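Novice: Please find the sequence and the predicted model below.
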Amino acid sequence: MDKPKRIKELVEILNRAGRAYYQEANEIMTNYEYDRLYDELLALEKETGIVLANSPTVNVGYEVVSELPKERHESAMLSLDKTKNVETLKDFVGERKALLSWKLDGLTVVLTYEAGKLKKAVTRGTGQVGEVITANAKAFQNIPLSIGYKGKLTLRGEAIIKYSDFEKINREIPETESKYKNPRNLCSGSVRQLNSEVTAERNVNFVAFALISAEGVDFNNSMNRQLDWLSALGFETVERKLISGNEVADTVKYFADKVKSYDYPSDGLVLMYDDIAYGLSLGTTSKFPRNGIAFKWEDEQAETTLKYIEWSPSRTGLINPVAVFEPVELEGSRVSRASVHNISIMEEMKLGVGDRIKVYKANMIIPQISENLTRSGVKDIPKYCPACGGKTRIKNENGVKTLYCENKNCSAKHIKLYTLFVSRNGMNIDGLSEETLEKFIDAGYIKEFADIFKLDRYKEEIINTPGFGQKSYENLMNSIHQSRKPVLHALLYSLGIPNIGEANAKLICRYFDYDLDKIRHASVEELTRIDNVGEIMAEKFVEYFRKEENISRLDHLLKEITITKPEASQTLQSMAGLTFVITGNVFQFPNRNAVKEYIEARGGKVTGSVTSKTNYLINNDAASSSTKNKKAKELEIPIITEQQFLDMWGA
């Protein structure tokens, strides 16, 4: 082997992977593969004495790419050496006392306080130069803006987004795009941007893990006392245990048991000497301080057989390879699938059907293939898209091979159609944001509307999807169950028929007396007899139901649902001519959409904003300072509560 050439190759590969992950939030290789290549590079550097200037073994972090102001750190921020061996931790502690704490997976931030006020916040950046994010740090959920200590204080901590908040954000934000694949990426995107309002909305938290300096305070040479002091000032500090060498194994086990349900993203543990002076006396290497060491979880692995590669198209045209293998138990759950990311990784592993493989969960969460034992080779890359049958093409960008569908009309690219289908005015399925739908479509769980009602087939996979969990899965299943009895106009709207909005769907259903068979076989002439339905709209409607694929999708869907016909109302036109706006929480209806349906069934109209044409604003908090309340008061439009509304127009 040409060792100098291999060193150069490894540096290029690892730096490309690092840039993709940290700057572009794109994963082009697994954590396991990165660590393997990194260790190979480190061994070759030690053996040959060759260390390139741009080697990831000597460089910490990557150049920042945002427009935020830059600032050089007063002292370089080095990363820690790492191990996966508990015995190495025991040897490190020796006869001394040490702190074992979480290694949080977020964005490292340095805070400076002067005269009791937060003066400055700077990201880690390259380790030498960071980005100034003071305005955004002031929007963190738990950061103290003022403290009792009036001297100059500098501390380090991790900005994080909890798994529970990450899950909530993914449900509520329609478009977070693929860069928000995990809490770390979402946190980085939330902190390193120019609008502090966005930071506040995303529930970023700060967890202190190190005190750098505090003028005039004696901590009796104890790092643990430093952190206790920071806690007393109002900072949330990292959970930690003060231990001796013989307590290492039991304490690691404590954290290993807890990480499975821990709400804070963590990719391991950190061990630091409690004796500050002793730790500093050890000095540093070019990259690592010698007073601490990081512990990465020794991933539980299982050997299994690769059954097949499932190719899952996405809305971008990218067709993702997913390894489907004989089910195995990992970290307390049963798994049978793992993303392989791209063709390059498959080729690196020489991954073929029938191979014996080892699988693990990265950070105890995400299933990955760690090793291919038989390496039979890649074969049968599909020439046609599994979703639409269109031709595929292999792209090679920056040395990474990926498979794409070339059909512009590929059904997998129509993620917006599925978003409309599950929307509140459609099938009203909570828990399926656009990003979640994209994940499920990419993974092959959803290929048509009916598949949404069969997601329980993928229970274990969904529970182990980043941002999900048992509770989220249960909530999703409950929402899907509740959506199985839609009213016909909601179903019709959800199909995404061109030009058919919610109002027109209701008009068509009423005209045909809620008879789906008559609706799907309606002629252009019949449809144009309906008020507000023009010839072009009617032609598009008829054309939709002439297409075999649309008929097939609807027939499959009808096997999963039961259409509910609305009961005839004696007061059908009691609100005719009236326009309402609904805002705030409702308590006597299931949701605001139910109030809207109640009004429209009685001839009324509901709009989204208060204007001079509005007759009533329904708001249970009449004293609220909301924009709609202010506008209603300005225009002298009555603001009524939900109970007053029912008193006036209740059945």
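Specialist: Now that the structure is in, tell me what you want to look at.
Novice: all strands for the stretch 451-600 of the chain, in order.
Specialist: Taking DSSP state E, counting those that start in this stretch as the test, the strands found in the stretch 451-600 of the chain are 579-582.
Novice: what do you get for the stretch 1-150 of the chain?
Specialist: Using DSSP E, counting those that start in this stretch, strands in the stretch 1-150 of the chain cover 70-72, 82-83, 98-104, 107-114, 117-123, 129-131.
Novice: now for those strands, which one comes closest to K379?
Specialist: strand 82-83 (36.5 Å; Cβ to Cβ). In this view, the C-beta of every residue, glycine as well, is placed from N, C-alpha and C.
Novice: mind listing what the closest residue in space to I147 that isn't next to it in sequence touches?
Specialist: Counting by Cβ to Cβ, 6 or more residues apart in numbering, I147 lies nearest to L233, which is 4.6 Å off, once chain neighbours are set aside. Shown in contact with L233 (Cβ atoms under 8 Å, 6 or more residues apart in numbering): P144, I147, G148, Y149.
Novice: Next one: the third one from F235, what distance?
Specialist: Translated: G148. In this view, G148 and F235 are 12 Å apart by Cβ to Cβ, to the nearest Å.
Novice: So for the two, which sits in the more crowded spot?
Specialist: F235 (21 against 9; other Cβ atoms under 10 Å).
Novice: The more buried one: what's its closest spatial neighbour, skipping adjacent residues?
Specialist: A208 (4.5 Å).
Novice: would you say the one you found is within a strand?
Specialist: Yes: counting by DSSP: H, G, I helix; E, B strand; the rest coil, A208 falls inside a strand.
Novice: That one and N428: what is the separation?
Specialist: 43 Å.
Novice: what about those two, which has more around it?
Specialist: A208 (21 against 18).
Novice: how far away is the more buried one from L80?
Specialist: Taking Cβ to Cβ, one finds A208 at 17 Å from L80.
Novice: pLDDT weak spots in the stretch 1-150 of the chain?
Specialist: The model of the stretch 1-150 of the chain has pLDDT under 70 over residues 20-27, 53-54, 58-67.
Novice: Using the three-state scheme, assign the spatially closest residue to L330 that is not a sequence neighbour.
Specialist: In this structure, L330 finds its nearest non-sequential neighbour in K361, 5.2 Å apart by Cβ to Cβ, 6+ apart. Following three-state DSSP, K361 is assigned to strand.
Novice: Report how many residues lie close to K361.
Specialist: 22.
Novice: Just to check, it is in contact with R334?
Specialist: No: at 11.7 Å, K361 does not count as touching R334 under the criterion of Cβ atoms under 8 Å.
Novice: and the residue nearest to L330, bridged to which residues?
Specialist: Beta-bridge pairing of K361 under DSSP bridges involves P367.
Novice: can you pull the contacts of it?
Specialist: D299, E300, L330, E331, V335, P367, Q368, N464 are the contacts of K361 under Cβ under 8 Å, 6+ apart.
Novice: Name only those of those that count as buried.
Specialist: Buried by 16 or more other Cβ atoms under 10 Å: D299, L330, E331, V335, P367, Q368, N464, out of the contacts of K361.
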